[in-house]
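*Asks:* Following is a predicted model, sequence given first.
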Amino acid sequence: MPVLNRIAAYAEEMKGWRRHLHAHPELAFDCHGTAAWIVERLQEIGVDEIHPGIAKTGIVAIINGRGEGPTIGLRADMDALPIEEITGAEYASTIPGKMHACGHDGHVTMLLGAAKYLAETRNFAGRVALLFQPAEEDGGGGQVMVQEGVMDRFAIQQVYGIHNAPNIPFGHFLTTPDALMASVDTAFVYITGKGGHGATPHECVDPVVAVVGMVSAIQTIIPRNVYALDEAVVSVTQIHTGTASNIIPEEAMFCATIRCFKPDVRALLKKRFFEIVEGHAAAYGVKARIDYDWGYPATINHPENAAFAAEVAREISGEAAVNGNSVREMGSEDFSYMLEARPGAYLFLGTGPGAGLHHAAYDFNDEAAPVGASFFARLVERAQPLG
């Protein structure tokens with residue numbers, strides 16, 4: 001079964017939806033205009049219930065099927081990124097310094113396309129809960145929606161999501177029965193020494209030397225503390241210090257992103273990070289303060305749900321275009337909180353060649369929206385069949 005015929009008929013309308021969203025990006029929880037626009041589309045589509053204001057600007061919409069049954073959740077994130085767009089598209093961002101550089105405009109469009117089909121056909125039992133989520137990029141809107149009780153309030157029993165994947169062949173689906181994406185933690189380290197003249201370092205306590213030692217030692221955590229088959233990443237991404245060539249500064253700072261898949265490895269990485277920074281601070285005679293942000297957990301699929309989702313994807317794209325045992329990746333995703341709350345699965349949908357995610361030249365491939373919408377729609381019909 002390829003793209004559902006009825007959804008194929010929506011393709012131009014969906015393209016218009018997506019390009020409107022692309023031109024009007026909003027960040028984090030401040031998706032007020034986006035949410036209002038989605039509510040208007042849901043009203044036109046004819047869903048049965050609309051519940052706005054969840055996680056500040058999130059929405060849950062309900063579509064009832066034609067028989068009694070459980071509730072399945074389908075999620076789309078809707079926030080953009082603080083990036084200046086360079087695509088030059090006629091529908092490019094109209095908001096300086098903001099753009100949909102991760103395809104969340106496409107995710108919303110896919111879910112709206114599925115909603116339009118499901119509200120027309122209602123060829124399923126139970127209910128569908130459409131979860132439009134803010135603040136995936138910054139703020140953990142998925143966690144907030146779970147904390148505000150959406151799973152219990154709407155009796156959601158399983159939950160699914162899709163992320164677009166540029167430079168994966170068009171229409172191909174990738175998922176895995178275990179961890180698909182990594183946890184992410186961020187460490188900010190602030191070092192204080194004693195500044196002075198660069199000609200008299202013996203009168204100073206140099207934070208620059210301390211930073212260099214700490215950063216070098218941190219690179220030993222993965223090869224010397226983590227089991228070789230437990231994937232993990234510690235990347236120092238910023239170092240800031242100094243103002244002139246002849247001044248030893250008083251302060252320095254650096255930060256790092258820390259990623260892995262297993263809770264015990266995550267705890268080990270934090271422990272070793274603190275031990276190395278604090279040990280080097282003592283050795284170099286500086287003071288060190290660590291702000292350690294415990295971020296999104298790993299996105300871990302439930303095996304039965306992932307296998308089922310891959311089976312449905314094969315109906316849409318064909319056997320050869322679906323990899324149900326894909327390699328996992330070090331990116332992170334706050335859909336992880338929904339998967340901690342309920343069984344479900346997350347998948348990548350290939351959108352073909354193009355600029356990568358979070359790049360200023362990125363643009364979602366509109367041809368992929370009917371594919372994702374068809375997957376969502378067929379997933380509901382297969383998960384909750386009539387009769």
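*Replies:* Arrived safely, thanks for sending.

*Asks:* domains for this structure, by residue range?
*Replies:* Taking automatic domain parsing as the domain assignment, the ranges for the chain are 5-181+298-383, 186-294.

*Asks:* and those, which is most packed in?
*Replies:* When you average the neighbours per residue for each of those (mean count of other Cβ atoms under 10 Å), domain 5-181+298-383 leads with a mean of 20. Any C-beta I mention is one placed from the backbone N, CA and C, and that applies to glycine too.

*Asks:* and it, average pLDDT?
*Replies:* Summarised as a single mean, pLDDT over domain 5-181+298-383 is 98.

*Asks:* Distance of the most centrally placed residue in the chain relative to residue 180?
*Replies:* In the chain, the residue lying closest to the centroid (Cα atoms, centre = their mean) is residue 333, at 3.1 Å. Per Cβ to Cβ, to the nearest Å, residue 333 is found 8 Å from residue 180.

*Asks:* Mutual contacts of the two, please.
*Replies:* Common contact partners of residue 333 and residue 180 (Cβ atoms under 8 Å, 6 or more residues apart in numbering): 299, 346.

*Asks:* Quick one: the strands in the stretch 1-150 of the chain, in order.
*Replies:* With DSSP state E, counting those that start in this stretch, the ranges of strands along the stretch 1-150 of the chain come out as 49-54, 58-64, 71-77, 127-133.

*Asks:* just checking, the residue nearest to the centre of the chain touches residue 136?
*Replies:* Yes: contact criterion Cβ atoms under 8 Å: residue 333 and residue 136 qualify, at 7.1 Å.

*Asks:* start to end distance for stretch 78-96?
*Replies:* Start-to-end span of stretch 78-96 (Cα to Cα, to the nearest Å) is 18 Å.

*Asks:* between the strands of the stretch 1-150 of the chain, which gets nearest to residue 347?
*Replies:* strand 71-77 (11.7 Å; Cβ to Cβ).

*Asks:* CA atoms only: put that closest one into CSV for me.
*Replies:* Extracted in CSV, the C-alpha atoms of strand 71-77 (Å, rounded to 0.1, in the frame of the first residue of the first chain):
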residue,chain,number,x,y,z
THR,A,71,-6.8,5.8,22.8
ILE,A,72,-3.6,6.0,20.7
GLY,A,73,-1.4,9.1,20.9
LEU,A,74,0.3,10.7,17.9
ARG,A,75,2.8,13.5,18.5
ALA,A,76,4.2,16.4,16.5
ASP,A,77,6.6,19.0,17.8
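
*Asks:* now it against strand 58-64, angle please.
*Replies:* If you take axes from the mean of the first three to the mean of the last three Cα atoms, to 10 degrees, strand 71-77 sits at 140 degrees to strand 58-64.

*Asks:* Partner strands of strand 71-77 and their direction?
*Replies:* strand 127-133 (parallel), strand 156-166 (parallel) (DSSP bridges).

*Asks:* As CSV, these with distance to residue 80 would be great.
*Replies:* As requested, the strands paired with strand 71-77 are exported to CSV (distance: least, Cβ to Cβ, whole Å):
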stretch, distance to residue 80
strand 127-133, 13
strand 156-166, 14
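
*Asks:* what's the closest of those to residue 328?
*Replies:* Using Cβ to Cβ, the strands paired with strand 71-77 put strand 156-166 closest to residue 328, at 13.2 Å.

*Asks:* for the helix or strand just after the closest one, packing partners?
*Replies:* Note on strand 156-166: by DSSP states H and E, the next helix or strand toward the C-terminus is strand 173-174. The contact analysis (3 or more Cβ pairs under 8 Å, 6 or more residues apart in numbering; DSSP states H and E) places strand 173-174 against helix 303-317, strand 322-323, strand 344-352.

*Asks:* related to what we said a few turns ago, can you tell me how far the residue nearest to the centre of the chain sits from residue 241?
*Replies:* Distance from residue 333 to residue 241, by Cβ to Cβ: 33 Å.
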